[in-house]
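Undergrad: Would you be able to build a 3D model of this:
(chains A and B)
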Amino acid sequence: MTRKNWIPYLIKKLAIFLASVLALSVIVFAVSRLSPGDPLVSYYGERTEKMSPAERRQTMERLGLNAPLTTQYVRWLEGALRGEFGISYKYKQDVLDVIAARIGNTLLLGLPGFLLTFVLALLLGILCAWREESWLDKIISKAGTVLSCVPEFWLSLVLILFFSVIWRLLPSSGAYTIGKENDIGDRLRHLILPMAVMILSHLWYYAYMIRNKLLEEIRADYVLLAKSKGLSRGQILFRHCLRGILPSYISLMAISVPHILGGTYIIETVFSYPGIGTLSYESARWKDYNMLMVLCMLTGVVIIFANMLGQIINERIDPRIRASEGLEVPTNEP
Amino acid sequence: MSNLLEINDLSVSFDTPEGEVQAVRDVSLSLPEGKVLALVGESGCGKSVLCRSVMKLLPRTAKIKSGSIMADGVDITNYGERDMRKLRGRMFAMVFQDPMTTLNPVMPVGDQIAEAVRVHNRRISRTDAHRRAVEMMELVGIERAEERSRLYPYNFSGGMRQRSVMAIALASNPRILFADEPTTALDVTIQAQILDLFREIQATLHTATLFVTHDLGVVARVADLVAVMYAGRIVELGTVEDIFYDPRHPYTWGLLQALPAWSRGRDMLNAIPGMPPSLIHPPRGDAFACRNPYALGIDYLEQPPMFRISETHSAATWLLDPAAPKVQSPIHGGPHAEQ
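TA: Numbers count the residues shown, from 1 in each chain, chains lettered A, B, ... in the order given. The predicted structure follows:
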C-alpha cells in the first residue's frame, strides 16, 4: 500500500471502530435496563425486600435510575467520555477499581491460554494434515472429538480429582497461596489446571478446522505445480498451503479473543479463580448496571479491535481481501 | 539423435472402489531431444495420466503395474519421492491445463517463479533469483515484468497467467517439458499466442516437449511427432506429415474427419459414434472396434500389434495385416486440417 492511501484507510477504520463502539453501548444499555430485575438487590442485598416504596423511590432517585432511559444514557455517556463509569452497586467502589483488581488474574490465565491454544491448534492441525489418514491422525481426531465434547466443568472436576485430591500435585483453587502473592512459581502452579482445561476444551475445535482446511488446500491445483517445480511436501505445506488458510484461521481466532475476558467464567468458578469472568456473570445476573456496561464495552472493544487487527493482517497475507473491498485495485490488462 | 525420454510397455492403474482402472496400457513412446511430441486423444484416454506418471505426480491410488521409464538413459521407474524431487524442475517440468487455478493465489507471481529458480540451487541469492524471475517473465512475453512480478495472479489475465506458469516451468532449465492441454482453458486468440510462444521457446531453448491435446489443429501448429491415444493405448505413431497426410488407423481417420474444416459447407459436423469404453473392464480385442465402421472380426477377439509402416510411422490396427481386406482411407482427397 502506498503512503498516500494509508491515511484515509486509517481514518476509515477508526470511524468504523468508533461507530461500532457507540452502537454497542446503546444496545447494551437498552437491553440491560429493559430486561426484568431489580438493581437495588445488588446494592442492598436482602434488605431490599424490607424497603418501603418511599425508600425505594428515594434510593432509585439517588442512583439516578428514575430518569427517562435517554437521559440516563446521555448521563452515562457524558461520564464515560470523562472516564467516569460510576460505581459498582455490589462492591460500592468505582467499577474501574473493582475490575483493575481482577483483570490481571484474568489476563494471566486468558492471554497465555489463548496464545497457546492458537499455536497448539495450528501445530496439531498441521500434524494431522501432514499424516493424513495415518493411525496418528485417526487417534488424534477421535480423541480430539471426544475431548471437545466433554463439558468444561466436568473436565475441571476430573483434573482436580486426580491432580489435587489423589496425587496432591497441584492446588485446586485460587490464584495464589495466601501470603505468597508475589511468588511467581506459586502463581504458575495455580495456573496449570485452569489453563489446561481452557486449552484442552477448545484445542480440537480449531485444530480440526486447520486440518480440514489444509487438506482441502493440499488438493488444490497449485500444489501440483508447486510439486512439479521440485518442492518438497514440507515446503509446499508451509510456504504455500498454510498461507492460503491463515486468513480464515486468523478471522476465527479474532472472534474468539473475548474468551480471554469473559469466556473463562466456568473455569474461574470451578477453580475459585478471582478473575473478571465471574464478575461479568454476576453483574448481568444482579443488574449491576455500571459494572455490566464497562465489562460489555470492554469485551466489545476487544472483539472489534481484534477483528480489525485480524483483517489488517489478512489483507497483508491475501491482497484479494482488500481488492474485494474496492480499495486499491491495480488495473493490469495486457 | 538420442531419445531423452523413453517409455517402454508402461501400464498404470488406479485402485478405485469400483475396481482397477487401467488408465495407461502398454504404452511405448520415445521423445527425442529437441522435438515436440503431441499426444492426442479424447478426454479420459490416459494422456494426462501418462505425463503425470512420468513425473510421479499421480495420487497414491495410482500404481505403475509394469514397464519402464528411462529419462536421459537412467531408469527412473522405481524412483521414490526424494529422487523424483531432484528431477522435477530440472529434468522435467509441467505446464498445466487451467492457469486460473495452477498459480498460488496468495503469493506474488514473481515469488512463485523465483521459488522455482532457487529450489535446486540454494546458493542463488533472493535478489538474483528475483532478477532471474523477471528475465523469465520477459522471455515468455510479459511486458513490464519488473513491476508485474510483484503482482498476484488475480491481477493477471488468463493468457498472462499461462505465460507465468510457463516461466515457472522453464525456470530451472528443464530438459523435458510436459504441456498438459496448456491452451484448452484459454480463448482462441490467446490460444494462438501461447502456441506460438511454445514454438518460439522450443526454437530457442531446444526443450524436448510432450504436448498433450485433444485438438488436432493445435497439433498441426506445434508438433514434430504425433502419438494418437485411445483407451489407454497408443494406436498410431508418426511424424506430423505421416498423421495428417497418410493416417492409417480408423480412429485417426475419425479424429481428422471430426475437425470442423472437414465439414465445411455441410450442415452437420462429423463425429465418431459411441463413447470410449470404461477402463475398469476394457473390452477384449481392439478397444475401438465397436465404434469402428471398418472393424474386422478379429478386432473383437485380439488386440492388434503395432504394425510398422515406415521408419517413423506405425499403427495398431488389423487393417495393416497382410491378410486384411484393402480399405481406402476416407482421408484421401478430403480437406487437410489447417494445411
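Undergrad: From chain A, how far out is residue B:250?
TA: Counting by CB to the nearest CB, to the nearest Å, the gap from residue B:250 to chain A is 35 Å. All C-beta atoms are positioned from the backbone trio N, CA, C, and that covers glycine.
Undergrad: contacting residues around the closest residue to residue A:163 other than its chain neighbours?
TA: Nearest residue to residue A:163, sequence neighbours excluded (CB to CB, 6 or more residues apart in numbering or on different chains): residue A:170, at 4.6 Å. Residues in contact with residue A:170, defined by CB atoms under 8 Å, 6 or more residues apart in numbering or on different chains, are A:163-164, A:189-190, A:192-193.
Undergrad: For residue B:161, which non-adjacent residue is spatially closest?
TA: residue B:99 (3.7 Å).
Undergrad: what's around the single nearest residue of chain B relative to chain A, how many residues?
TA: Chain A sits closest to residue B:89 of chain B, with a gap of 3.5 Å, by CB to the nearest CB. Residue B:89 has 26 neighbours, counted by other CB atoms under 10 Å in any protein chain shown.
Undergrad: That one - nearest residue in space that isn't next to it in sequence?
TA: Residue B:89 sits nearest to residue A:230 (CB to CB, 6+ apart), 3.5 Å away.
Undergrad: separation between residue A:142 and residue A:128?
TA: 11 Å (CB to CB, to the nearest Å).
Undergrad: Which residue of the two possesses the greater neighbour count?
TA: Neighbours were counted for residue A:142 and for residue A:128 using other CB under 10 Å; residue A:128 has more, 26 against 10.
Undergrad: Next, the contact list for that one, please.
TA: Counted by CB under 8 Å, 6+ apart, residue A:128 has contacts A:136-137, A:140-141, A:207, A:211.
Undergrad: Tell me which two of those residues sit farthest apart.
TA: A:136 and A:207 (13.1 Å; CB to CB).
Undergrad: Tell me where the model's unsure across the stretch 1-150 of chain A.
TA: A:1-4 (pLDDT under 70).
Undergrad: Reduced to three states, what does the residue of it found nearest chain B come out as?
TA: Residue nearest to chain B within the stretch 1-150 of chain A: residue A:133 (9.7 Å; CB to the nearest CB). Secondary structure, DSSP: H, G, I helix; E, B strand; the rest coil: residue A:133 is coil.
Undergrad: measure it to residue B:39 for me?
TA: Residue A:133 is 33 Å from residue B:39, by CB to CB.
Undergrad: what does residue B:304 give?
TA: 20 Å.
Undergrad: And residue A:99, by the same measure?
TA: Counting by CB to CB, the gap from residue A:99 to residue B:39 is 72 Å.
Undergrad: out of these two, which sits in the busier spot?
TA: Applying other CB under 10 Å to residue A:99 and residue B:39 shows that residue B:39 carries more neighbours, namely 29 against 21.
Undergrad: Help me confirm that residue A:174 is found in a helix?
TA: No: with three-state DSSP as the criterion, residue A:174 is assigned coil and is not in a helix.
Undergrad: Local confidence estimate at it?
TA: The per-residue pLDDT reported for residue A:174 equals 83.
Undergrad: Could you double-check that the residue nearest to residue B:161 lies in contact with residue B:166?
TA: No: in this structure residue B:99 lies outside contact range of residue B:166 using CB atoms under 8 Å: 9.3 Å.
Undergrad: The residue in the stretch 151-300 of chain A that chain B sits nearest to: how many residues sit nearby?
TA: Here the stretch 151-300 of chain A gets closest to chain B at one residue, residue A:230, 3.5 Å apart by CB to the nearest CB. Each residue near residue A:230 was counted by other CB under 10 Å, and the total is 24.
Undergrad: so where's chain B uncertain?
TA: B:1, B:332-339.
Undergrad: pull the longest helix from it.
TA: helix B:188-205 (DSSP state H).
Undergrad: Does chain A have contacts with that one?
TA: No: counting by CB under 8 Å from any CB of the partner chain, chain A is not contacted by helix B:188-205; separation bottoms out at 9.2 Å.
Undergrad: Which residues does stretch A:208-221 contact?
TA: Under CB under 8 Å, 6+ apart, the answer for stretch A:208-221 is A:121-122, A:124-126, A:128-129, A:132, A:137, A:141, A:144-145, A:148, A:223, A:236-237, A:240-242, A:244-245, A:248-249, A:252, B:96, B:98, B:101-102.
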